[in-house]
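# fold the following for me, if possible:
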Amino acid sequence: MHIKWFTYLFIYIYVIDKIFCEKYIIFKTLQCSPKSQLIRNLECSNDDTSLSFSADTVKEIAKYFGLSNINLYISGNKNVMQLKGLRTEFCETRSERKRPNLMSLVNVGIYNSINNYPQRCPLLRNTTYYLKRMQFDAKHVPRYLPEYNFTYAGKFYMNSMLTAEVQVTGSICNIGNDCRGIK
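Predicted structure coming up:
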């Protein structure tokens, strides 16, 4: 008899965990600005669930990486969790990591987007490169965290020169909640 109740309790906890802890990511603002003459025609756009970028290269790019800072603002709390100096290499083969973590969130988002990035550098000169409909899967975000807003500030370096800056704001919400208005 106890096994039956234990089984019911286990199923209840599992279902509640799946319903109330699954999250999704929405984007509120996106700004990008070129910082060097290595690229031109930098464009960025977003809708609620994806980001898109395109740029024309002027010179061949042998080295390309990004340094990111992420600030997480938990709703109703004035404390900020800061993640600084997260590095993303764009000239290495991109693949999904086996264990979900914050960096695999970015790598998988790039990998699953519609893009024309080569698997390895160099990026060719006088070529338009794009990332379209880059989405991020919230399974890489710890489910036990409450809903929160975030700001992302990224600096992108090509051939060791600061080439572009990107700023994104958004929210991570529990499925079933509409948190576009969370401040």
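# helix, strand or coil for the spatially most central residue of the chain?
Taking C-alpha atoms, centre = their mean, the centroid of the chain lies closest to V106, which sits 4.5 Å from it. Of the three states, V106 takes helix according to DSSP: H, G, I helix; E, B strand; the rest coil.
# how about the host helix or strand of I26: buried residues?
Using DSSP states H and E, the element containing I26 is strand 23-34. For strand 23-34, the neighbour count (16 or more other C-beta atoms under 10 Å) marks K23, Y24, I25, I26, F27, K28, L30, C32, P34 as buried. Placement of C-beta: from N, CA and C, glycine included.
# partners of the strand ranked longest in the chain in the sheet?
The longest strand of the chain (DSSP state E) is strand 161-174. Sheet pairing for strand 161-174, assigned by DSSP bridges, gives strand 23-34 (antiparallel), strand 148-158 (antiparallel).
# beta partners for the closest residue to T29 other than its chain neighbours?
Spatially, and ignoring its direct neighbours in sequence, T29 is nearest to T169 (4.7 Å; C-beta to C-beta, 6 or more residues apart in numbering). On the basis of DSSP bridges, T169 is bridged to T29, T151.
# do the one 4 residues further on as well
C173 forms beta bridges with Y24, as assigned by DSSP bridges.
# what's the burial count for it?
By other C-beta atoms under 10 Å, the residues close to C173 number 21.
# let's see the pLDDT reported for it.
On pLDDT, C173 comes in at 84.
# please list all residues in contact with it.
Counting by C-beta atoms under 8 Å, 6 or more residues apart in numbering, C173 touches K23, Y24, I25, I26, E147, C179, I182.
# mind doing that once more with 7 Å?
K23, Y24, I26, E147, C179 (C-beta atoms under 7 Å, 6 or more residues apart in numbering).
# any idea what sits nearest the first one, other than its immediate chain neighbours?
Nearest residue to K23 in three dimensions, chain neighbours excluded: A138, at 3.9 Å (C-beta to C-beta, 6+ apart).
# OK, contacts around that neighbour?
The contact partners of A138, by C-beta under 7 Å, 6+ apart, come to K23, Y24, I25, I172.
# measure the second one to C173 for me?
This means Y24. Applying C-beta to C-beta, to the nearest Å, the value for Y24 to C173 is 6 Å.
# got it, and E92?
For E92 relative to C173 (C-beta to C-beta), the value is 32 Å.
# can you mark which positions in whichever strand or helix holds F65 are buried?
Assigned by DSSP H and E, F65 belongs to strand 64-74. Buried residues in strand 64-74, counted by 16+ other C-beta under 10 Å: Y64, G66, S68, I70, N71, L72, Y73.
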